[in-house]
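Colleague: fold the following for me, if possible:
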Amino acid sequence: MKKKELAILLEQVEDISEPEVAEEQYSTPATVASELLFFAFMRGDIANRVVYDLGCGNGILGIGAKLLGALKVVGIDIDEKVIEVAQSNSNRLGVELDYKISDVQELEGEADTVVMNPPFGAQRINTHADRIFLEKALELAPVVYSILNAGSESFLRAFVPHAAIVRFPLAFPLKKRFWFHKEEKKTISVDIYRLKR
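Modeller: Modelled structure (predicted):
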């Protein structure tokens, strides 16, 4: 499957209808999801691997990993409502994923690869959520792919100095989602990171 074909399939993934501000429930656009997944796929980290999708939301990253030949995909989210949406999306695209309702800090398991678009910790109630997700991801798997704010590389190198880090810059189209968003659509600069412990 080509990256463009994957992006077209992932366009079918429905968004969650009532996102929570405090949980920073931003949907990953199909184009961004396909970029991250192909970045991982081309490095041998998806096909025939056990993949965890932390903070899976509507399931787009996990579904894409399964479409690219992941052996097993587990989607984890704290919100039962979004797990229901993710399960519906998996059914729509004809792929089987395991879903768990869990706080990421309490999660146990072992994977080959973690993929995630974690909360950036921008909301006061969610400060340092990105650190919590990164620590847990590197505990669960030797290889982690994550979307973070552009310019996060120096933070990452200080936070996980033992990890080998590869950065891939990307534009992230962000639709108006919450009351404080002033524009209908905005593009923000993000980086996709591959971290290997």
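Colleague: all contacts plus neighbour counts: C-alpha atoms, from now on.
Modeller: Noted.
Colleague: packing partners of the longest helix seen in the chain?
Modeller: Criterion DSSP state H: the longest helix present in the chain is helix 80-93. In terms of contacts (3 or more Cα pairs under 8 Å, 6 or more residues apart in numbering; DSSP states H and E), helix 80-93 is packed against helix 60-67, strand 98-101.
Colleague: Throw these into CSV and include mean pLDDT, thanks.
Modeller: Below are these laid out as CSV (pLDDT from 0 to 100):
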stretch, mean pLDDT
helix 60-67, 98
strand 98-101, 98
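Colleague: switch the ones you listed over to JSON lines; also include mean neighbour count.
Modeller: Compiled in JSON lines, these are given as follows (neighbours: other Cα atoms under 10 Å):
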{"stretch": "helix 60-67", "mean neighbour count": "28"}
{"stretch": "strand 98-101", "mean neighbour count": "17"}
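Colleague: so for R197, which of the ones you listed sits nearest?
Modeller: helix 60-67 (20.8 Å; Cα to Cα).
Colleague: phi, psi of the closest residue to I132 other than its chain neighbours?
Modeller: Once flanking residues are discounted, I132 sits nearest to Q105: 7.0 Å by Cα to Cα, 6 or more residues apart in numbering. Torsion angles at Q105 (phi, psi; degrees, to the nearest 10) stand at phi -70, psi -30.
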